[in-house]
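> Build me a model from this:
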Amino acid sequence: TKPTLCVCIGLQLLLDSSEEAEGTGFGIIPGRVKGFPQGVRVPQQGWNLVQPVGQCMYAQSAGHAFFSNSFYVPAIPAGWG
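Here you go, the predicted model:
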């Protein structure tokens, strides 16, 4: 395995819309980005287990990735799992 650096361009750009601001995203991924609920410390930072679903072209096995985020996608988009 090789270490990989990923830079967030924002789920808000990739999905249809976001709770963060009015407007529309590119709609590449169907859905709406939501903010973490009250009581969850944001930004959510730390190492999280990432498990590929089905035939994932970005990861063939489970591993950990570092996240720093305040928003999430509440469900796997249709056709992705």
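
> Show residues contacting stretch 26-40.
Defining contact as Cβ atoms under 8 Å, 6 or more residues apart in numbering, one finds that stretch 26-40 is touched by 11-20, 25, 42, 44, 70-75, 77-78. For the C-beta atoms, the positions are set from N, CA and C on the backbone; glycine is no exception.

> How far does that stretch sit from its chain's centre?
Mean C-alpha position of stretch 26-40 versus that of the full chain (Cα atoms, centre = their mean, to the nearest Å) differs by 8 Å.

> list the buried ones in that stretch?
Residues 29, 31, 33 are the ones in stretch 26-40 that count as buried (16 or more other Cβ atoms under 10 Å).

> quick one: average confidence on that stretch?
Taken as a whole, stretch 26-40 has a mean pLDDT of 89.

> Put the buried members of the contacts of stretch 26-40 into a ChimeraX selection.
The buried subset of the contacts of stretch 26-40, as determined by 16+ other Cβ under 10 Å, is captured in ChimeraX by this line:
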select :11,12,14,15,16,18,25,71,73
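
> circling back: of the buried residues of stretch 26-40, just say which sits nearest to residue 52.
Looking at those and their distance to residue 52, the nearest is residue 29, at 16.3 Å (Cβ to Cβ).

> partner residues bridging that closest one?
Taking DSSP bridges, one obtains residue 15 as the residues bridged to residue 29.

> thought residue 76 was touching residue 52?
No: with the criterion set as Cβ atoms under 8 Å, residue 76 and residue 52 do not qualify as a contacting pair; they are 11.8 Å apart.

> so what sits against both of these two?
Shared contacts of residue 76 and residue 52, defined by Cβ under 8 Å, 6+ apart, are absent.

> Can you tell me what sits against stretch 43-59?
The list of residues contacting stretch 43-59 from outside it, by Cβ under 8 Å, 6+ apart, reads 36, 60-70, 76, 80-81.

> what is the rounded mean pLDDT of it?
Predicted confidence along stretch 43-59 averages 81 (mean pLDDT).
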